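> Output the structure for:
(one chain, ligands or ions: 2)
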Amino acid sequence: MAVYTDISEGDLKAFLEQYDAGELTSYKGIAEGVENSNFLLHTSKSPLILTLYEKRVDKNDLPFFLGLMHHLSERGLNCPLPLPRKDGALLGELSGRPAALISFLEGMWLRKPEAQHCGEVGAALARMHIAGEGFELTRPNALSLEGWHVLWAKSEARADEVEEGLETEIGAELDFLATHWPKDLASGVIHADLFPDNVFFLGDTLSGLIDFYFACNDLLVYDLSICLNSWCFEKDGAYNITKGKAMIEGYQSVRPLSAAEIEALPILCRGSALRFFLTRLYDWLTTPAGALVVKKDPLEYLKKLRFHRAVTNASEYGLIA
Ligand SMILES: Nc1ncnc2c1ncn2[C@@H]1O[C@H](COP(=O)(O)OP(=O)(O)OP(=O)(O)O)[C@@H](O)[C@H]1O
Ligand SMILES: N[C@@H](CCO)C(=O)O
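Ligands and ions are numbered 1, 2, ... in the order given. You can find the predicted model right below:
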């Protein structure tokens, strides 16, 4: 359940007066999501999402996230548009938290995506990469090599509680990635968390992307590796090459990959599997029992990491040269 901060109707109405958003008719907390508190508001004008930014979001990053959504929607990408206040600011404050109003996007996320959906996601990701060009702010990826070491230092001593031998295995993986991580590939603004729950569909048609709160500047093809990890494995842990092929083809139909990007795909998939393993492991070890948030399983990403370690060539992901 992701409503960490309660709001009172009086405070909400006062907050809304700073916007040209119409009269409040109803509001309710949204249970999904783990990072921030989200509310769905109905007003005399249009439905809106109110987000209160919680502890894991650095307030200094908010101009990047909100500015990026604005930049991307201006370039035709379907993503939430932050509503400016009457004074022009995109960010306000409510119940002691930084807060923003963003446009409501129609659609539902897919619980059981199929290959055709993966193809659409690949194409939408590439469109986002192109639409991100020219965005004037930058944000380094806090969850890349350096950030992984920081996270690992906080979990390492207890990792073997989750599975025997993890301390050694992950230590070696981090060393390997530090030595072999590619540097000279095309970079730009990436979403960095484009999981199925952040992509909306209306029927079988992709209707929009949400949740840009991990967005940053990094290698573009690293973003594709995140999507291969989060969309193209089945519940039993098997990689679905039909989905992978559709996703890569969808991506390349908009933005063809270079030979160097293709060659780097296996190691980037290892890195992105490790990234989600590490954040999930940290949460697994630190979230108190009884907290209202559903903890995500780190071992799901450990399995994926082991799969990628055995991949020698991007064709094993479905890429046809
Ligand atoms: N612009 C939007 N339009 C419609 N629904 C939205 C919008 N933004 C968020 N939601 C709803 O709120 C839920 C949580 O949003 P979001 O994924 O941004 O939260 P979060 O706490 O940052 O989650 P996480 O990082 O775990 O994915 C979404 O699953 C969706 O149901
Ligand atoms: N998508 C992340 C969670 C929050 O962004 C995960 O599944 O671990």
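> CA atoms for contacts and neighbours, from now on please.
Noted.
> buried stuff in stretch 187-207?
Judged by neighbour count using 16 or more other CA atoms under 10 Å, the buried positions of stretch 187-207 are 188-201, 206-207.
> can you tell me which two in those residues are farthest apart?
Maximum pairwise distance among the buried residues of stretch 187-207 (CA to CA): 25.5 Å, between 188 and 201.
> give me every residue that touches the spatially most central residue of the chain.
Residue closest to the mean C-alpha point of the chain, counted by CA atoms, centre = their mean, is residue 193 at 1.7 Å. By CA atoms under 8 Å, 6 or more residues apart in numbering, residue 193 lies in contact with 211-212, 214-215, 223, 226.
> Quick one: distance of stretch 238-252 to the chain centre.
Between the mean C-alpha point of stretch 238-252 and the mean C-alpha point of its chain there is a distance of 19 Å (CA atoms, centre = their mean, to the nearest Å).
> And for stretch 115-134?
With CA atoms, centre = their mean, you get 14 Å for stretch 115-134.
> can you list contacts of it?
68, 71-72, 75-77, 188-190, 199, 204-206, 220, 223-224, 227, 231-232, 242-244, 246-255.
> try stretch 68-84
19, 66, 90-91, 100-105, 127-128, 131-132, 135, 207-210, 212.
> and the residues you listed, which of them are in strands?
100-103, 207-209 (DSSP state E).
> List only buried entries from these.
Applying 16+ other CA under 10 Å to the ones in strands among the contacts of stretch 68-84 flags 100-102, 207-209 as buried.
> Confirm the residue nearest to the centre of the chain sits in a strand?
No. Counting by DSSP: H, G, I helix; E, B strand; the rest coil, residue 193 is not found in a strand; it is coil.
> Relative to residue 224, how far out is it?
10 Å (CA to CA, to the nearest Å).
> Same check on residue 9?
Per CA to CA, residue 9 is found 42 Å from residue 224.
> Looking at these two, which has the bigger crowd around it?
residue 224 (26 against 12; other CA atoms under 10 Å).
> ok, now which ones touch the more buried one?
122, 125, 248.
> My reading is that it lies in a strand. Confirm?
No. The assignment for residue 224, made by three-state DSSP, is helix rather than a strand.
> gap between it and residue 251?
Taking CA to CA, one finds residue 224 at 8 Å from residue 251.
> My read is that residue 313 contacts residue 263, right?
Yes. With contacts counted by CA atoms under 8 Å, residue 313 reaches residue 263, the gap being 7.1 Å.
> what does the stretch 151-300 of the chain have sitting close to ligand 1?
With the criterion set to CA under 6 Å from any ligand atom, the stretch 151-300 of the chain comes near ligand 1 through 197-198, 210-211.
> Switch those residues over to CSV; also include pLDDT.
Putting those into CSV (pLDDT from 0 to 100) gives the following:
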residue, pLDDT
197, 95
198, 96
210, 97
211, 95
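> Please identify which of those residues is nearest to residue 112.
Checking these one by one against residue 112 (CA to CA), the nearest turns out to be residue 197, at 10.8 Å.
> How about the secondary structure of residue 3?
Going by three-state DSSP: residue 3 is coil.
> ok, the closest residue to it other than its chain neighbours - how many residues close by?
Excluding the flanking residues, the one nearest residue 3 by CA to CA, 6 or more residues apart in numbering is residue 37, at 4.3 Å. Neighbour count for residue 37, taken as other CA under 10 Å: 23.
> For burial, what's the neighbour tally of the residue of the stretch 201-321 of the chain found nearest ligand 2?
Taking CA to the nearest ligand atom as the measure, the stretch 201-321 of the chain has residue 276 as its residue closest to ligand 2, at 5.1 Å. Per other CA under 10 Å, the neighbour tally for residue 276 reads 25.
> For the nearest residue to it once chain neighbours are set aside, what is the enclosing helix or strand?
In this structure, residue 276 finds its nearest non-sequential neighbour in residue 301, 6.4 Å apart by CA to CA, 6+ apart. Using DSSP states H and E, residue 301 maps to helix 298-309.
> near ligand 2, which residues of this structure?
Residues of the chain lying near ligand 2 (CA under 6 Å from any ligand atom): 193, 195, 276, 280.
> Would you map the strands across this structure?
Counting by DSSP E, the segments of the chain that form strands are 24-29, 37-43, 48-52, 92-94, 97-103, 187-190, 199-202, 205-209, 216-219.
> Just the buried residues of the shortest one, please?
By neighbour count, with 16+ other CA under 10 Å as the criterion, the buried positions of strand 92-94 are 92, 94.
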